[in-house]
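Undergrad: this one's sequence-less:
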């Protein structure tokens, strides 16, 4: 009886195959991670567009006025997140959010890592109140009236170039004072582009989408700004309050003074 010859890998051949597979994997994984990150960025863009639709509906019902920075003097104070959820009279009470303009899910960015409770019957369900993953450009809203106010805003129709204005952006929370004090697992409801506001009462713009941030403008379109860093400081364009080049993006008016047309 003839025996069929058998073939087997030598140890060296096996090691070569393993090495080739490892090289191919190392080449493919970065591309896969990049594709995954871009997919999350696309999801974030869609979420911001839904928020834009919610803001537009809110303004239709409120005489074209933007939601105020603070919706009242009660404790806890209603923020823009409460305004969109219809919770001005019951801030942070997720279980009562039935007739709002958005849902709690619209405050979550797909690129944020962490546990964000959606069930109003469970602890931690009110994370969206102070720590939504998108922050409001405080200076834009505060400067929408001549006197500047946390409780009153201007009408959207009074803004000369809404398509230029940065209204919301991806944010993370500051955990203390200084550039290195931040918490990437939390967003924050507002940001202010100045070193004076690098403390725990404010958030900062995040470049969590492959070192870019997604932004909602006042005409409700969404765009991405390349930051070149995952954790932005107040020295990264276009978030430069002191720069005449970018003030028209950050302020309600096109210059530093109310009603200014310089940009």
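TA: Structure's in. What do you need? What you see is a predicted model, and the numbers here were worked out from it, not measured in a lab. Numbering: from 1, shown residues only.
Undergrad: where exactly do the strands run in the stretch 1-150 of the chain?
TA: Taking DSSP state E, counting those that start in this stretch as the test, the strands found in the stretch 1-150 of the chain are 134-137.
Undergrad: what's the burial count for the closest residue to residue 86 other than its chain neighbours?
TA: Leaving out its chain neighbours, the residue that sits closest to residue 86 by C-beta to C-beta, 6 or more residues apart in numbering is residue 100, at 3.6 Å. In this view, the C-beta of every residue, glycine as well, is placed from N, C-alpha and C. For residue 100, the tally of surrounding residues (other C-beta atoms under 10 Å) stands at 20.
Undergrad: same deal with residue 117?
TA: By the criterion of other C-beta under 10 Å, residue 117 has 15 neighbours.
Undergrad: Hmm, it is touching residue 128, no?
TA: No - counting by C-beta atoms under 8 Å, residue 117 sits too far from residue 128 to count as a contact (9.5 Å).
Undergrad: What lies in contact with stretch 96-111?
TA: Applying C-beta atoms under 8 Å, 6 or more residues apart in numbering, the external contacts of stretch 96-111 come out as 37, 39-41, 43-44, 47, 50-51, 53-55, 57-58, 81, 84-87, 90, 94, 116, 118, 120, 128, 132-134, 170, 187, 208-209.
Undergrad: remind me which residues of the stretch 101-250 of the chain are low pLDDT?
TA: Flagging of the stretch 101-250 of the chain using pLDDT under 70 yields the residue ranges 195-196, 233-234.
Undergrad: Could you report the separation of the closest residue to residue 213 other than its chain neighbours from residue 145?
TA: Once flanking residues are discounted, residue 213 sits nearest to residue 170: 4.5 Å by C-beta to C-beta, 6+ apart. For residue 170, the distance to residue 145 (C-beta to C-beta, to the nearest Å) stands at 27 Å.
Undergrad: Neighbour count: these two, which is higher?
TA: Shown here are residue 170 and residue 145; by other C-beta under 10 Å, residue 170 has more neighbours (31 against 18).
Undergrad: Pretty sure that one sits against residue 204.
TA: No - Residue 170 is beyond contact range of residue 204, at 9.9 Å (criterion: C-beta under 8 Å).
Undergrad: counting contacts, what elements does the longest strand along the chain pack onto?
TA: Longest strand in the chain by number of residues (criterion: DSSP state E): strand 166-174. Secondary-structure packing of strand 166-174 (3 or more C-beta pairs under 8 Å, 6 or more residues apart in numbering; DSSP states H and E): helix 11-61, strand 134-137, helix 138-142, strand 182-183, strand 203-205, strand 212-217.
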